[in-house]
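Enquirer: this one's structure only:
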């Protein structure tokens, strides 16, 4: 199994806490002597993970221009998570899912995963084509959520939406031109929000397989929001409606 590098304090701390056995070693910039560096070094010692102080140039040579914060970890790849059917079988409470269509930017995916974790979504689903997988950038931006939120990549997104419908999960496309506003969607039912990339939006076939569409009310001159912002608003609205 080929190892890989991840970077950033949040991503490495999350990996250590959730799966320390997958962390082969941690490299810390020897110039960092602050509280965050000391805390991470202590966590490594506690978990029995090698942690070495190295020259900052060593980390830069491994990661290039990435904003690594002076810390990197060599890890084993994440094991493949549950498939769609297994995920749906194991959900507790009304479903809350995010379905992404055409999101290829790792920063966007990382931010979506972070929002999914914050609002208790069961999973993020995306097609294997026209999508980004979990990589070091995603893990850093997600601040640990890449470890806690299942990311399910499916072969056929349209068929996946049909499967969700068969399971009684209502699918709502987030579209700027929709007649219904976000707050008018009944988010108390088992629900999947379906979002496309900023600019390109949803593919026609994806939109046709959604039960309805809703828009985020906007009053400014900006025509659209970043997909991660849209996902956060959709998830917040769901949690607002599901409060006792």
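Expert: Arrived safely. Bear in mind the structure is a predicted one, so any value in this text is a computation, not a measurement. Numbering: from 1, shown residues only.
Enquirer: Let's check: the centremost residue of the protein is which one?
Expert: Most central in the chain under C-alpha atoms, centre = their mean is residue 113, positioned 2.1 Å from the mean C-alpha point.
Enquirer: so after the one helix or strand it maps to, what's the next helix or strand?
Expert: Take DSSP states H and E as the rule and residue 113 turns out to sit in helix 106-118. Counting by DSSP H and E, the next helix or strand C-terminal to helix 106-118 is strand 123-127.
Enquirer: who touches that following strand?
Expert: For strand 123-127, contacts defined as C-beta atoms under 8 Å, 6 or more residues apart in numbering pick out 84, 87, 97-101, 103, 109, 112-113, 116, 149-157, 160, 192. Where you see a C-beta, it was placed from the backbone N, CA and C, and this is true even at glycine.
Enquirer: Mark which of those residues are part of strands, please.
Expert: Among the contacts of strand 123-127, the ones falling in strands (DSSP state E) are 97, 98, 99, 100, 101, 151, 152, 153, 154, 192.
Enquirer: which ones are touching the fourth one?
Expert: I take that to be residue 100. 109, 112, 124, 125, 126, 131, 195, 196, 197, 227.
Enquirer: about what we covered before: with the ones in strands among the contacts of strand 123-127 in mind, which one is nearest to residue 75?
Expert: Residue 75 has its nearest neighbour among these in residue 151, at 16.3 Å by C-beta to C-beta.
Enquirer: Wait, the closest one touches residue 131, no?
Expert: No: in this structure residue 151 lies outside contact range of residue 131 using C-beta atoms under 8 Å: 9.7 Å.
Enquirer: okay, these two: which has more neighbours?
Expert: residue 151 (24 against 19; other C-beta atoms under 10 Å).
Enquirer: how about the nearest residue to residue 213, chain neighbours excluded?
Expert: Leaving aside its chain neighbours, residue 213 sits nearest to residue 178 (3.8 Å; criterion: C-beta to C-beta, 6 or more residues apart in numbering).
Enquirer: The one you found: neighbour count?
Expert: Residues near residue 178, counting by other C-beta under 10 Å: 17.
Enquirer: Tell me the pLDDT of it.
Expert: pLDDT for residue 178: 92.
Enquirer: sorry, back to before: what residues sit buried inside the helix holding residue 113?
Expert: 106, 108, 109, 110, 111, 112, 113, 114, 115, 116, 117 (16 or more other C-beta atoms under 10 Å).
Enquirer: Between those residues, which sits nearest residue 234?
Expert: Nearest to residue 234 among the buried residues of helix 106-118, with distances taken as C-beta to C-beta, is residue 115, at 9.0 Å.
Enquirer: Which among the ones in strands among the contacts of strand 123-127 count as buried?
Expert: With burial judged by 16+ other C-beta under 10 Å, the buried subset of the ones in strands among the contacts of strand 123-127 is 97, 98, 99, 100, 101, 151, 152, 153, 154, 192.
Enquirer: Including pLDDT, could those residues go into TSV?
Expert: Formatted as TSV, those follow (pLDDT from 0 to 100):
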residue	pLDDT
97	97
98	97
99	97
100	97
101	95
151	93
152	93
153	92
154	93
192	97
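Enquirer: Mind putting those into a markdown table with distance to residue 201?
Expert: Converted to a markdown table, these look like this (distance: C-beta to C-beta, whole Å):
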| residue | distance to residue 201 |
| --- | --- |
| 97 | 19 |
| 98 | 16 |
| 99 | 13 |
| 100 | 12 |
| 101 | 8 |
| 151 | 21 |
| 152 | 22 |
| 153 | 20 |
| 154 | 19 |
| 192 | 17 |
